[in-house]
Structure formats: C-alpha cells, structure tokens
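1. coords please:
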Amino acid sequence: MFFIIYISLAKKAFSQSELIELLTKVRANNEKLGVTGMLLYKVGNFMQILEGDEEVVRELLAKIKDDQRHYGIITLMEGTQSERQFPDWSMGFRDLTSVDLHSIPGYSEFMNSPLGGEGFSAGNPTLCKNFMLAFKKNIR
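-> Below you'll find the predicted structure:
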C-alpha cells in the first residue's frame, strides 16, 4: 500500500463551512478512487496522509498541487506499508484549532507544532506519520 504525507498553507484561513464543503467533496472523490487517509487543519495549515494505489495517489497529489486554495506543498514522507492505516476513512479529518491537544494520550510538544514549515520538514518524517496515527486512535 502506497502513502504520501504532505503539508501545505492555505492562501486564506478556511471557515468551518468551507472545511465541511471541502471534506464533502474530498470524501466522495476519494471513495471513488479507493483512497483513504486523514486531513489535519490548524490555523491555515494542512497536513494530509493519502494512501492507496501508487499511481492513483500520485495523480491525486498532482491535482492537489494545482488547487489554488493553498500553496507551499512539501512532501514529508512517502513509501509503502503492508496495509492501510486508515482503511475505513475516505478522509478522516480534525480541525486542530479547537482541540485540547493536552488531553490526547501520548501528548508531546510535537503536537503543538505548526503543521507547516521547518518543524515537520526538517524533523524526522516518521514523527509525522506517528502524529497522524495518534489522531486516528483518538478521534471518534
């Protein structure tokens, strides 16, 4: 199973209704494509993991890069794994702006890092994947 984790910056902050509209479209599209994953949003920053067939995921990322609502896309990690980490999620989502991160088991200051910039791109990319998986375990 192929996966990519990337970060990007919104050209303008998304409202709650804009995030819901985005998710509705993304989930329907991902379901058709057989792509699963998770999208995190915090104060104009996105982090997303996409998993599925490599060609499909790469084509989807190319389309995402053309989306004018954001810029500064940095691929943090890509590779293969034995199975999907988000098998039941056409796109899990969490707006981290309103989350009490301290309440999540396994909390570390890493979870308070901005989703963009050097904090993720210069660090150990495995931490990014663990970050996404921590939210998978704790989102209901």
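
2. strand partners (parallel or antiparallel) of the longest strand along the chain?
-> The single longest strand within the chain, with elements called by DSSP state E, is strand 70-80. In the sheet, strand 70-80 lines up against strand 2-10 (antiparallel) (DSSP bridges).

3. tell me which residues in the longest strand of the chain are buried?
-> 70, 73, 76-78 (16 or more other Cβ atoms under 10 Å). The C-beta positions use only the backbone N, C-alpha and C, and glycine is treated the same way.

4. how about the top helix by length along the chain as CSV, C-alpha atoms only?
-> Longest helix of the chain, by residue count under DSSP state H: helix 16-33. Extracted in CSV, the C-alpha atoms of helix 16-33 (Å, rounded to 0.1, in the frame of the first residue of the first chain):
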residue,chain,number,x,y,z
GLN,A,16,-16.0,25.9,9.4
SER,A,17,-18.4,25.8,6.5
GLU,A,18,-15.6,25.9,3.9
LEU,A,19,-13.9,23.0,5.6
ILE,A,20,-17.2,21.0,5.6
GLU,A,21,-17.7,21.7,1.9
LEU,A,22,-14.1,20.7,1.1
LEU,A,23,-14.5,17.5,3.1
THR,A,24,-17.8,16.5,1.5
LYS,A,25,-16.2,16.8,-2.0
VAL,A,26,-12.9,15.1,-0.9
ARG,A,27,-14.6,12.1,0.7
ALA,A,28,-16.8,11.4,-2.3
ASN,A,29,-13.8,11.6,-4.7
ASN,A,30,-11.5,9.6,-2.5
GLU,A,31,-14.1,6.8,-2.1
LYS,A,32,-14.4,6.5,-5.9
LEU,A,33,-10.6,6.4,-6.2
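
5. thinking again about what came up before, pLDDT on the longest strand of the chain, on average?
-> The predicted model assigns strand 70-80 a mean pLDDT of 88.

6. could I get it in CSV with only the CA atoms?
-> Only the C-alpha atoms of strand 70-80 are listed here, as CSV (Å, rounded to 0.1, in the frame of the first residue of the first chain):
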residue,chain,number,x,y,z
HIS,A,70,-3.3,26.6,-0.9
TYR,A,71,0.5,26.8,-1.7
GLY,A,72,3.8,25.7,-0.3
ILE,A,73,3.2,22.0,-0.6
ILE,A,74,6.0,20.0,0.9
THR,A,75,6.1,16.2,0.7
LEU,A,76,7.3,15.0,4.1
MET,A,77,7.2,11.3,3.6
GLU,A,78,6.2,8.7,1.1
GLY,A,79,6.6,5.0,0.8
THR,A,80,4.9,1.7,1.1
